[in-house]
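*Asks:* Attaching a predicted model along with its sequence, questions to come.
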Amino acid sequence: MIPEWEPLYAWLASDLPRDVPMPSLVGSKRPMFCHAQRSRPWTWDDAHIFRESTSPAPPITYDIGILLKDLCVIDIDSHELCDIYEARFAELKQAPCEQTAKGRHYYFRRSARADKHGFYDGRAQVEHGVDFKTICHNGTSGFIVVAPSRGKAWLRRPWDEAAVSEIPHALLEAVSRPHHMPVSATCAFPDGSRLEVRDTIWLPRFAYLAPFFEGGDDDDDDDDLATTTSTIPFGVGTAALLHELLALCDSQRLSTWPMPLPALRQLADYLGVPAGIECVLSPWHPSSICARTEALDRISPLMAEASVATGLLLDVEQASLVFEPLLGRDEQWLFHGRDAARPLGGSGGSVLRPDPLRFASAALPAPVLALLMAHANLLLAGGAALGVASDCVGAGSDYDLFVWGLSEAEAEAIKQELVSMPGVTVCAQTASALSVVWGETDEVIQLITWLYQAPCHVLGSFDLAPCKVALGRFGGSSLRLKAHVAWFVSMRHLTCWVDLDCWSEASVARILKYYAKGFDVIVPGLDRASLRAGNPCTFQARRGICNLFKIEAYAVHEAGHGRPSYAQLHALLRRHCGMFYRHSAYEELIPSNLVAHVLGLGASAGRRRSASWRTVLPGRASLFPSSPRCEEAFDLAAMRQQRRRAAS
């Protein structure tokens, strides 16, 4: 137990039980654990288990934060702004307050007006340097790091006050903007087309359309925003274009390709869409999905079309794929100055095995094959399934099993069946996977403890196209091998592309691993001039993507001029980027005598059952981060495993 956290825990549990403490790695300002899954949210039980399991750790190992529901926090980033706002609003001088590295945090309760008119979490909604921290518009909790975390100190502690007061109306409107209620409207276009729009939050956010949805007197608390309006005339565009624009606003992804982007951008400019949507549509901003898709289209139109496809899975056994190299390699290619990808094996130029299902029956570990045959809602996906489908690239080093369409109880039964199989030894259980070894060769099998809704959601969660292939019954009676459309395009050219929308902290290592397997890698929209200028943009700096280019540069000097192996690339990652990964595919198997030490992060014996299964909605599932205490154990485990394999 960390005593410095006790007053905060006691205050929240007594006065604000819906606002739950959440740890954060020091300096990250992000929740350490996933908390937004509807079927398994972060609860007070989780908070207490983490606090008790980390009792030997010094307080500086972790920061502590709050998942905000009923609280709202005004985060001001400079002392000058603090003085200005305190002069305007006397309530700030009495509110609970803490000092931060640059300014202050002021604590209030949410008011009925904030809930009614939709004042939600957001940065710089009214003035730069003033953020409003609270519940998000989609219902998930906002997050704020609080004292006694590093760089935070209480000036007026909330548990010393009689009660945290509601945020005043004037102060609320000075730091936040309301989100509009869902609206409906009929839109008429110059070509005679009409679009009936129902229950959207986007139309009132467009500057041109906002006046059509304005309510009455804004000072009347009982006056709601209008939710319906008459026909709205448009001067440009068509019904089809507005439909695509609204779909893009909802998903931040393109729904089809090719798409008339110039006409879509003209309509967006006419309507005055929010800045975030302008960025998505931008033809030059490197974080724009449209710009990246256009860059892929210039390389291969089929690749661009496959990158936006969703939900469609095709049978691999019925396909015929012959390797076709892509020409015109430029600076968007990783290691673009080296040899292009080419098949390592295969027959007659084909990149597929002649009979992949027969190979699977002979090559898969007995527990994996038995589980796949016994359960129609279990899939083997990723590198192992790629090795079943193709013999022209490097095979996977472990076997990842995914559950879809089952309840938690049914998934738990599969897990217990795996654990009880002869020859299976449990290595580790984290909040995202159960890892076991089987047989004399220590085959690594991982049961991913996320519950997916459908097979397409399993494959859609992967960040690289070569991983989007799966072996399973797919609800039927016999094994089948299916893949996403993007997998077929990637295999035909032995090329994959970086998808920032599926980026995670382990993506750098996975990208380098698949490059070493024999795939070329494209970073669509990459501007190397900004790297050479020493001023990487947000796209290149976000979440470690610059490490790709670091390793590319170091490999030229340290790994020769041929295609480097994964061992060489992984060594460069460790040496120059300090990156470690808790994943058996990187030869980092946990020996049983280290499990208790490694699982101190949150998968201790008392937590295993409660953190076992979590439902993942369509999209990428966030993995739990590793901690400094885990890295040393995994590094030691890797060395022991390598020595054991070398001896055998």
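*Replies:* Received it, and whenever you're ready, just let me know what you need.
*Asks:* ranges for the strands of the stretch 301-450 of the chain?
*Replies:* Along the stretch 301-450 of the chain, counting by DSSP state E, counting those that start in this stretch, strands occupy 313-315, 378-381, 398-404, 424-429, 433-438, 443-452.
*Asks:* Quick one: closest of those to residue 498.
*Replies:* Nearest of the strands of the stretch 301-450 of the chain to residue 498, taken as Cβ to Cβ: strand 378-381 at 19.7 Å. C-betas here are computed from N, CA, C, even on glycine.
*Asks:* Given the closest one, what are its sheet partners and their directions?
*Replies:* The sheet places strand 378-381 alongside strand 398-404 (antiparallel), strand 469-472 (antiparallel), with pairing taken from DSSP bridges.
*Asks:* Just the mean pLDDT for that strand, thanks.
*Replies:* Per-residue pLDDT over strand 378-381 has a mean of 96.
*Asks:* Would you map out the domains in the chain?
*Replies:* Taking automatic domain parsing as the reference, the chain has its domains at 3-175, 183-281, 308-584.
*Asks:* In CSV, list those along with distance to residue 294 and mean neighbour count.
*Replies:* Listed next are the domains of the chain as CSV, based on distance: least, Cβ to Cβ, whole Å; neighbours: other Cβ atoms under 10 Å:
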stretch, distance to residue 294, mean neighbour count
domain 3-175, 28, 17
domain 183-281, 7, 15
domain 308-584, 8, 19
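*Asks:* Can you add distance to residue 296 and give those domains back as JSON lines?
*Replies:* Formatted as JSON lines, the domains of the chain follow (distance: least, Cβ to Cβ, whole Å):
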{"stretch": "domain 3-175", "distance to residue 296": "29"}
{"stretch": "domain 183-281", "distance to residue 296": "9"}
{"stretch": "domain 308-584", "distance to residue 296": "5"}
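*Asks:* can you put the strands paired with strand 378-381 in JSON lines and add mean pLDDT?
*Replies:* Listed next are those as JSON lines, based on pLDDT from 0 to 100:
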{"stretch": "strand 398-404", "mean pLDDT": "93"}
{"stretch": "strand 469-472", "mean pLDDT": "96"}
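*Asks:* rewinding a little: mind putting the strands of the stretch 301-450 of the chain in CSV, distance to residue 201 included?
*Replies:* Shown next, in CSV, are those (distance: least, Cβ to Cβ, whole Å):
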stretch, distance to residue 201
strand 313-315, 32
strand 378-381, 35
strand 398-404, 30
strand 424-429, 40
strand 433-438, 36
strand 443-452, 27
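*Asks:* closest to residue 510 out of the ones you listed?
*Replies:* Within those, the stretch nearest residue 510 is strand 398-404; the backing value is 12.2 Å (Cβ to Cβ).
*Asks:* Please list the outside residues in contact with the closest one.
*Replies:* 364-365, 368, 371, 377-384, 411, 414, 418, 443-448, 450-455, 457-458, 470, 584-585 (Cβ atoms under 8 Å, 6 or more residues apart in numbering).
*Asks:* quick one: which of the strands paired with strand 378-381 is nearest residue 439?
*Replies:* Of all these, strand 398-404 comes closest under Cβ to Cβ, at 11.6 Å.
*Asks:* and that closest one with strand 443-452, angle?
*Replies:* In terms of direction (axes from the mean of the first three to the mean of the last three Cα atoms, to 10 degrees), strand 398-404 departs from strand 443-452 by 20 degrees.
*Asks:* Offset the numbering so it begins at 19, please.
*Replies:* Okay, using 19 as the starting number, the last item reads as strand 416-422.
*Asks:* now strand 416-422: how far from the chain's centre is it?
*Replies:* Offset of strand 416-422 from its chain centre (Cα atoms, centre = their mean, to the nearest Å): 19 Å.
*Asks:* Equivalent analysis for stretch 412-424, please.
*Replies:* Distance, stretch centre to chain centre, for stretch 412-424: 19 Å (Cα atoms, centre = their mean).
*Asks:* can you check stretch 249-261 too?
*Replies:* The answer for stretch 249-261 is 33 Å, by Cα atoms, centre = their mean.
*Asks:* CA atoms only for that stretch - export them in CSV, please.
*Replies:* The C-alpha trace of stretch 249-261 is given here as CSV (Å, rounded to 0.1, in the frame of the first residue of the first chain):
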residue,chain,number,x,y,z
THR,A,249,-35.0,22.0,-45.4
ILE,A,250,-31.5,23.5,-45.6
PRO,A,251,-30.3,24.8,-49.0
PHE,A,252,-26.8,23.9,-50.1
GLY,A,253,-24.9,26.0,-52.7
VAL,A,254,-22.4,23.2,-53.6
GLY,A,255,-22.1,19.5,-53.4
THR,A,256,-24.4,16.5,-53.7
ALA,A,257,-26.3,14.3,-51.3
ALA,A,258,-23.8,11.5,-51.9
LEU,A,259,-20.9,13.8,-51.0
LEU,A,260,-22.5,15.0,-47.8
HIS,A,261,-23.2,11.4,-46.9
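*Asks:* Quick check: which ranges of the stretch 119-268 of the chain have low pLDDT?
*Replies:* 180, 198-199, 232-247 (pLDDT under 70).
*Asks:* Please enumerate the strands of it.
*Replies:* 122-127, 148-151, 160-164, 171-174, 201-206, 212-218, 246-251.
*Asks:* Now do the first one: which elements does it pack against?
*Replies:* Contacts defined by 3 or more Cβ pairs under 8 Å, 6 or more residues apart in numbering; DSSP states H and E place strand 122-127 against strand 89-94, strand 115-117.
*Asks:* So which of these is nearest residue 538?
*Replies:* Here strand 89-94 is closest among these (Cβ to Cβ), at 43.9 Å.
*Asks:* Partner strands of the closest one, with direction?
*Replies:* Sheet pairing for strand 89-94, using DSSP bridges, gives strand 122-127 (antiparallel), strand 148-151 (antiparallel).
*Asks:* quick one: contacts of whichever helix or strand comes after it?
*Replies:* Remark: after strand 89-94, the chain's next helix or strand is helix 97-106, criterion DSSP states H and E. Residues from elsewhere that reach helix 97-106 (Cβ under 8 Å, 6+ apart): 92, 94, 110-111, 120-122, 145, 147-148, 192.
*Asks:* Identify, from those, the entry nearest to residue 160.
*Replies:* Closest to residue 160 out of the contacts of helix 97-106 is residue 92 (12.3 Å), distances taken as Cβ to Cβ.
*Asks:* now that closest one, which residues is it bridged with?
*Replies:* Under the criterion DSSP bridges, residue 92 forms beta bridges with residue 124, residue 150.
*Asks:* Which one, of the strands of the stretch 119-268 of the chain, ends up nearest to residue 507?
*Replies:* strand 212-218 (32.6 Å).
*Asks:* Can you list the helices and strands that that closest one packs against?
*Replies:* strand 201-206, helix 257-269.
*Asks:* Of these, give the one that comes closest to residue 132.
*Replies:* Taking the helices and strands packed on strand 212-218 one by one with Cβ to Cβ, strand 201-206 is closest: 20.0 Å.
*Asks:* That closest one vs helix 257-269, what angle?
*Replies:* Using the same axes, to 10 degrees: strand 201-206 against helix 257-269 is 150 degrees.
*Asks:* Please work out which residues outside strand 201-206 touch it.
*Replies:* Residues contacting strand 201-206 (Cβ under 8 Å, 6+ apart): 212-219, 221-222, 227, 230-231, 243-252, 257, 260.
*Asks:* Tell me the strands beside it, with direction?
*Replies:* Paired with strand 201-206 in the same sheet, following DSSP bridges, are strand 212-218 (antiparallel), strand 246-251 (parallel).
*Asks:* Reformat these as TSV; add distance to residue 349.
*Replies:* Formatted as TSV, those follow (distance: least, Cβ to Cβ, whole Å):
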stretch	distance to residue 349
strand 212-218	40
strand 246-251	45
